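Undergrad: I need the structure of the sequence given here:
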Amino acid sequence: MTDLSWMLDVLPGTSIADNIRKLLEVYRSLDEEIDRFAHAATIGCPDGCGRCCEETDPEVTQIEADFIAVYLSYSAVNVIGALNTRHSGCVFYDPSSPLHCTIYGARPLVCRAFAFTTIRDKNGAPLFRYCRHMPAAGSRTLVGAEIERGLHAQPPEVTLYGVRVAGLSGHGEPERRPLSEAVAKSLGRVMLLRRLSANNDAPDSGGRAA
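TA: Have a look, this model is predicted:
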């Protein structure tokens, strides 16, 4: 996982600061599980592939969008104008970059989990599907015990991490929006909080000043 420990000191005294701390821990835990699984199963994305980014504007929670907005506001990444422009795929996709993702360290849960986690099928059994761009020696869909036999490892379950992220909202399942829309909404709030913080007038942990 890219070192984002500097974000722990950003916007002290705000609800965003507290959520960044918690979200970083969720991401760190998932990244470690995926790394172990991918190594044991010897699977990975094809070199240079970024097709999932070309085709999808993923949906995120507002807390994830706030996290990305903070990352953008303190980095050299300049896509603010593009956030309000109609486009296909992810606005943060850069085909000329080795990782293709201009916010790779701060990418949301759905991007971290895609193709390396299980979901539950209608019977409650774990289900793993290879991304259609990944090579597979046998069946591209594995269920239950087939996963361990076919991959010699157990992928993390994305739903468990989704619940942890949802729990950061403090109330049920939060509304999810397309990434570009949600981040555009968050940026104004984050920039206001930065100005208040710079003036030593940051709001309390409830974030009421935003």
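Undergrad: In three-state terms, how would residue 46 be classified?
TA: Secondary structure state of residue 46, per DSSP: H, G, I helix; E, B strand; the rest coil, is coil.
Undergrad: And it, how close does it get to residue 27?
TA: To residue 27, residue 46 is 24 Å away according to Cβ to Cβ, to the nearest Å. In short, each C-beta sits where N, CA and C put it, glycine included.
Undergrad: Likewise for residue 188?
TA: According to Cβ to Cβ, residue 188 stands 24 Å off from residue 27.
Undergrad: Neighbour count: the two, which is higher?
TA: Neighbours per residue (other Cβ atoms under 10 Å) separate residue 188 from residue 27, with residue 27 holding more: 24 against 11.
Undergrad: List the buried residues in the helix or strand hosting that one.
TA: Element membership for residue 27, per DSSP states H and E: helix 15-41. Buried residues in helix 15-41, counted by 16 or more other Cβ atoms under 10 Å: 15-17, 19-20, 23-24, 26-27, 30-31, 33-34, 37-38, 41.
Undergrad: Likewise for stretch 117-137?
TA: Result for stretch 117-137 [16+ other Cβ under 10 Å]: buried residues 117-118, 126-131.
Undergrad: Pull the CA coordinates from it and hand them back as PDB.
TA: What follows is stretch 117-137 as a C-alpha-only set of coordinates in PDB (Å, rounded to 0.1, in the frame of the first residue of the first chain):
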ATOM      1  CA  THR A 117     -12.000 -10.900  -3.700                       C
ATOM      2  CA  THR A 118     -15.100 -13.100  -3.300                       C
ATOM      3  CA  ILE A 119     -18.800 -12.300  -3.000                       C
ATOM      4  CA  ARG A 120     -21.600 -14.600  -1.700                       C
ATOM      5  CA  ASP A 121     -23.800 -16.400  -4.200                       C
ATOM      6  CA  LYS A 122     -27.600 -16.800  -3.600                       C
ATOM      7  CA  ASN A 123     -27.000 -19.800  -1.400                       C
ATOM      8  CA  GLY A 124     -24.500 -17.900   0.800                       C
ATOM      9  CA  ALA A 125     -21.400 -19.700  -0.600                       C
ATOM     10  CA  PRO A 126     -18.300 -17.700  -1.500                       C
ATOM     11  CA  LEU A 127     -18.000 -17.100  -5.200                       C
ATOM     12  CA  PHE A 128     -14.800 -16.000  -7.100                       C
ATOM     13  CA  ARG A 129     -14.800 -14.800 -10.700                       C
ATOM     14  CA  TYR A 130     -11.700 -14.100 -12.800                       C
ATOM     15  CA  CYS A 131     -11.700 -10.800 -14.500                       C
ATOM     16  CA  ARG A 132     -12.400 -11.500 -18.100                       C
ATOM     17  CA  HIS A 133      -9.000 -10.100 -19.000                       C
ATOM     18  CA  MET A 134      -7.100 -12.400 -16.700                       C
ATOM     19  CA  PRO A 135      -5.800 -15.700 -17.900                       C
ATOM     20  CA  ALA A 136      -7.400 -18.800 -16.300                       C
ATOM     21  CA  ALA A 137      -6.300 -22.400 -16.600                       C
END
